[in-house]
Each structure stands twice: as C-alpha cells, then as structure tokens.
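[1] Build me a structure from this.
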Amino acid sequence: MKRLLCRAAVLALSVCVGAQSAFGDVSLRIAYLRHERTHPPVLSNLSPIPDDLGIAGAELALKDSQTTGKFLGHSYELSVISVPPEGNVIPAALGVLAGSDLVLLDMPAPDVLAVADLPAAQAALLFNVTAPDDALRDTDCRGNLFHTLPSHAMRTDALMQFIMSKRWSDLALIQGAHPEDAAFAAALDRSAAKFGLKIGPRKTWTFDADMRRNAAQEVPLFTQDLGKYDLLLVADELGDFARYIPYNTWLPRPVAGSAALVPVAWDRVVEQWGAVQMQNRFHDQTGRDMHPEDYAAWAALRALAEAATRTGQSDPATLRSYLLSDAFQLAAFKGRPLSFRPWNGQLRQPIPLISGDAMVVQAPLPGFLHQRSELDTLGRDAPETTCKAFQ
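    Residues are numbered from 1 along each chain as shown. This is a model prediction of the structure:
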C-alpha cells in the first residue's frame with residue numbers, strides 16, 4: 001500500500017511539473033493607455049471622478065492574475081501611460097505599441113479608432129474599457145479592438161426589458177444638452193423600438209440655475225407640459241441635473257435612465273455571486289468604491305490572463321482566437337460566465353439595474369429568450385450588426 005501511495009505521489013508530482021513546464025515561460029506585458037479628459041462643470045460636486053478611474057481596476061486584476069501566475073510560472077506586467085487632455089495620444093500610442101501588443105484603451109471613441117487604425121496596432125490586441133459608443137461595436141468596429149465596457153445599447157436594452165416587465169407603455173424623456181446625453185437618448189429610442197415601445201413627449205434640459213436650491217420650484221413647472229406618462233426617462237450621462245428630477249416632477253411618476261433606476265456595468269451595491277469579496281479587495285486597495293470603468297478594466301486584464309492560462313501562449317493572435325472561441329469563459333461576479341461576441345468583440349455580460357443602495361434586478365430578465373444566449377438580448381445581436389471586421 002505504501003509503495004502504491006509513493007508511486008501515486010511521484011506520478012502526481014511529475015504531472016504537476018509537466019504542466020508547469022508546458023505552460024511556463026509565459027509573460028504578458030500589458031499597457032494601460034489613457035487620454036485624460038477635461039470634464040465640463042456640473043451642478044453638484046457630490047460625485048467626483050477619481051484620479052485612478054479605470055487604472056485601479058486594472059491594478060486589482062493584475063494582483064488577481066499574479067496569484068495564479070505564480071503557480072503556473074506566468075508573469076504579468078502592467079504599465080500605465082497617461083496623456084494630458086491637450087496632448088496628442090498618437091505618439092504615446094506608438095511608444096506603447098513598440099513595447100507591448102496588449103493594450104487597454106481609456107479614451108474617447110475618436111481616439112480609440114485613431115489608435116486601432118495605426119499600422120503598428122494591426123497585430124496588437126486592444127481593449128476599449130471606457131467608451132460606450134454603439135458605433136464602435138457596429139459601423140466603426142475594428143478587428144483588433146475588443147470591448148469590456150457595456151455599450152449604450154446594452155444598458156438601454158436592459159432598462160427596456162424592465163420597463164416591459166412592468167408594462168409601462170407611455171414614456172417621456174428629458175435629455176441633457178451634451179453629446180453624451182444625445183447618444184444615450186438615441187440608444188433609449190432604439191431600444192424602445194426594439195421592444196415595441198415608443199418614447200412620447202420629450203424636453204431638453206436648458207436650465208443654468210442652481211438646482212440645489214431651486215429644484216422643488218423649477219422641476220415641477222418644467223415637467224408640467226409633458227402630459228401623462230407611466231415613466232420619465234432621463235438622459236444625463238455627465239451627472240449634471242438628473243439627481244434633482246426624482247420626487248420633483250409635476251406628476252408623481254417613477255424616473256429611470258441616468259437617475260433613480262440606472263442600468264450600469266457595475267456598482268457597489270452588487271453583492272451576490274462572491275462580488276462582496278472583490279468589492280472589499282478593491283476598497284482596501286483604493287479607499288473608494290468600484291466604478292463601471294474600473295470593472296471594465298479589471299475584466300479586460302483578467303480576460304487576457306485567463307486566455308494565457310488556458311492556452312499557455314502570450315502572442316495576440318492566439319489569445320484573440322481563444323477569446324472569441326466557445327471555450328472562453330470569464331468568472332466575473334455576475335452570476336454567470338462572461339464571453340466575447342464573435343461578431344464585434346463585445347464582452348457579453350448581465351446589466352444590474354440599481355437604485356440608491358440596492359440592486360433592483362439584473363438583466364436579462366426572465367422571459368426574454370434567445371436561441372444562443374439570453375445575454376445576447378442586450379445590445380447588438382449578430383443579425384443586427386453591420387460590423388464586418390470580425391468575419
């Protein structure tokens with residue numbers, strides 16, 4: 001018996017050593033390239049933008065990946081390059097691509113496309129972690145560009161599923177004056193049409209008064225001529241005025257979109273599926289809560305590490321092929337494994353709908369079925385896409 005146990009131990013050790021040698025010598029040099037933004041002023045200072053937004057998520061993923069990497073003999077490096085708002089991101093991108101072909105992009109959509117179109121980037125693997133623009137996943141998609149932040153369409157589809165479940169058919173809309181607000185409002189319109197709904201009366205927010213003092217007087221008058229509706233949608237992606245709309249409308253109706261009930265990639269109120277452990281680790285690291293951009297950067301780096309672990313390779317072509325395959329799955333604290341859509345590089349993921357200090361529900365909701373994955377009811381599905389770069 002002792003001799004058999006010894007043989008089993010030797011065999012197990014040889015398998016372990018063999019596995020390490022097969023998957024050893026894998027080194028991932030990952031860069032985080034950020035083009036800093038100058039944000040327009042908003043009415044309230046209650047939600048400041050962290051200086052390490054996005055970067056902190058990538059740093060947490062690096063620590064998570066190094067834990068497994070030590071056992072397998074893999075190494076992961078992360079370098080952060082930040083370009084000031086007035087700076088040109090292209091020279092920085094060329095410098096980054098000279099040393100790394102795995103890059104997380106934190107920048108507006110035009111910059112994302114400019115970097116993705118560089119000749120030096122054609123053999124690289126890029127991850128958009130902060131730009132929600134639908135066009136990046138559709139008409140402006142690029143074959144070397146993946147997306148871990150949900151698109152506008154994914155968030156608004158999640159919201160419309162909830163609206164359908166509540167049978168709210170009469171919808172009104174208040175839209176901000178910024179381009180980001182217009183993009184989110186357009187996504188709301190498309191999602192409403194997708195689910196057989198239509199947004200009725202709408203107004204554009206034009207106030208420059210201090211709503212911290214005047215909301216109770218101004219908002220009822222502003223919303224009085226919207227008529228009757230079941231739900232008031234608000235498109236205010238900069239967080240300027242939306243917080244002053246709930247409970248101040250002329251009609252006592254629920255509010256959703258950019259305030260009250262909000263579809264997000266991630267929030268501190270996501271607590272199920274082991275999320276509390278990650279929330280705590282992130283808070284211990286940064287002293288703040290995890291934002292959607294942090295989660296997207298975390299998911300991008302973890303996806304790369306998972307692909308390297310499973311393939312034992314570090315070259316972008318092999319990693320890209322595996323990420324787009326049916327074999328790839330990312331455990332990401334949302335109750336089901338995440339995967340990439342092979343037609344546009346978007347990370348499939350559930351969308352929490354949050355309100356204040358609680359998650360109300362997570363989309364896709366029960367009853368919204370799909371022949372492949374219910375997650376594909378959120379955002380551009382294969383028959384809807386015009387992206388050709390992944391074919």
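[2] Next, find the distance separating Asp52 from Pro41.
    Noted for Asp52: a distance of 22 Å to Pro41, by Cβ to Cβ, to the nearest Å. Placement of C-beta: from N, CA and C, glycine included.
[3] cool, Ala358 as well?
    If you go by Cβ to Cβ, the gap between Ala358 and Pro41 works out to 30 Å.
[4] where do the strands sit along the stretch 201-350 of the chain?
    Taking DSSP state E, counting those that start in this stretch as the criterion, the stretch 201-350 of the chain carries its strands at 231-235, 255-257, 262-263.
[5] mind listing the helices for the stretch 101-250 of the chain?
    109-116, 152-166, 179-194, 211-223 (DSSP state H, counting those that start in this stretch).
[6] list the buried ones in the longest one?
    Counting neighbours by 16 or more other Cβ atoms under 10 Å, one finds that the buried residues in helix 179-194 are 180-181, 183-192, 194.
[7] and what of the last one?
    By neighbour count with 16+ other Cβ under 10 Å, helix 211-223 contains the buried residues 211, 215, 218-219, 222-223.
[8] Can you tell me what sits against it?
    Here helix 211-223 makes contact (Cβ atoms under 8 Å, 6 or more residues apart in numbering) with 43-44, 174, 203, 205, 207, 209, 232, 241, 244-245, 248-251.
[9] Spatially, which two of those residues are the most separated?
    With distance counted by Cβ to Cβ, no two of the contacts of helix 211-223 lie farther apart than Ser44 and Leu251, which are 24.3 Å apart.
[10] how about the CA coordinates for stretch 139-157, as CSV?
    Provided in CSV are the C-alpha atoms of stretch 139-157 (Å, rounded to 0.1, in the frame of the first residue of the first chain):
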residue,chain,number,x,y,z
THR,A,139,-20.2,50.5,-38.2
ASP,A,140,-16.9,51.6,-36.7
CYS,A,141,-15.8,48.2,-35.3
ARG,A,142,-12.2,47.1,-35.7
GLY,A,143,-10.9,43.5,-35.7
ASN,A,144,-8.1,44.3,-33.3
LEU,A,145,-10.5,46.0,-30.8
PHE,A,146,-12.4,44.3,-28.0
HIS,A,147,-14.9,46.0,-25.6
THR,A,148,-15.3,45.2,-21.9
LEU,A,149,-17.4,48.2,-21.0
PRO,A,150,-21.1,47.7,-22.0
SER,A,151,-22.3,49.7,-24.9
HIS,A,152,-25.1,52.3,-24.6
ALA,A,153,-27.4,49.7,-26.3
MET,A,154,-26.7,47.0,-23.8
ARG,A,155,-27.6,49.4,-20.9
THR,A,156,-30.8,50.7,-22.6
ASP,A,157,-31.9,47.3,-23.7
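[11] If you count neighbours, what's buried in it?
    Going by 16+ other Cβ under 10 Å, stretch 139-157 has these buried residues: 140-142, 144-157.
[12] Same check on stretch 277-289?
    Result for stretch 277-289 [16+ other Cβ under 10 Å]: buried residues 278-279, 282, 286.
[13] In JSON lines, list these along with pLDDT.
    JSON lines is the format used below for the buried residues of stretch 277-289 (pLDDT from 0 to 100):
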{"residue": "Met278", "pLDDT": "96"}
{"residue": "Gln279", "pLDDT": "97"}
{"residue": "Phe282", "pLDDT": "98"}
{"residue": "Thr286", "pLDDT": "98"}
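[14] Tell me the pLDDT of Leu94.
    We note a pLDDT of 98 for Leu94 in this prediction.
[15] Wasn't it part of a helix?
    Yes. Per DSSP: H, G, I helix; E, B strand; the rest coil, Leu94 lies within a helix segment.
[16] and the nearest residue to it once chain neighbours are set aside, how far is that from Leu232?
    In space, and not counting its chain neighbours, Leu94 is closest to Ala120: 5.9 Å by Cβ to Cβ, 6 or more residues apart in numbering. Taking Cβ to Cβ as the criterion, Ala120 is separated from Leu232 by 48 Å.
[17] low-confidence ranges in the chain?
    1-24, 43-44, 208-213 (pLDDT under 70).
[18] Now the residue most central in space within it, what are its backbone angles?
    The centroid of the chain falls nearest to Leu149 when counting by Cα atoms, centre = their mean (2.0 Å). Taking degrees, to the nearest 10, you get phi -80, psi 130 for the backbone angles of Leu149.
[19] what residues are up against it?
    Going by Cβ under 8 Å, 6+ apart, Leu149 touches 128-132, 265, 292-293, 296.
[20] so how far is Met290 from it?
    As defined by Cβ to Cβ, Leu149 lies at a distance of 13 Å from Met290.
[21] Now do the buried residues in stretch 373-381.
    For stretch 373-381, the neighbour count (16+ other Cβ under 10 Å) marks 374-381 as buried.
[22] can you list the residues that contact that stretch?
    Applying Cβ under 8 Å, 6+ apart, the contact partners of stretch 373-381 are 134, 137-138, 150-151, 153-154, 157-158, 161, 336, 339, 341, 344, 346, 348-351, 363-364, 368-370, 382, 387.
[23] ok, back up a step: so which of the strands of the stretch 201-350 of the chain gets nearest Glu77?
    Among those, the nearest to Glu77 by Cβ to Cβ is strand 262-263 (34.4 Å).
[24] ok so, going back, neighbour count: Asp52 and Pro41, which is higher?
    Asp52 (15 against 7; other Cβ atoms under 10 Å).
[25] Break the chain down into its domains, please.
    26-150+267-349, 153-263 (automatic domain parsing).
[26] Is it possible to get these out as a markdown table so that each row also shows distance to Gln391?
    Putting the domains of the chain into a markdown table (distance: least, Cβ to Cβ, whole Å) gives the following:
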| stretch | distance to Gln391 |
| --- | --- |
| domain 26-150+267-349 | 8 |
| domain 153-263 | 20 |
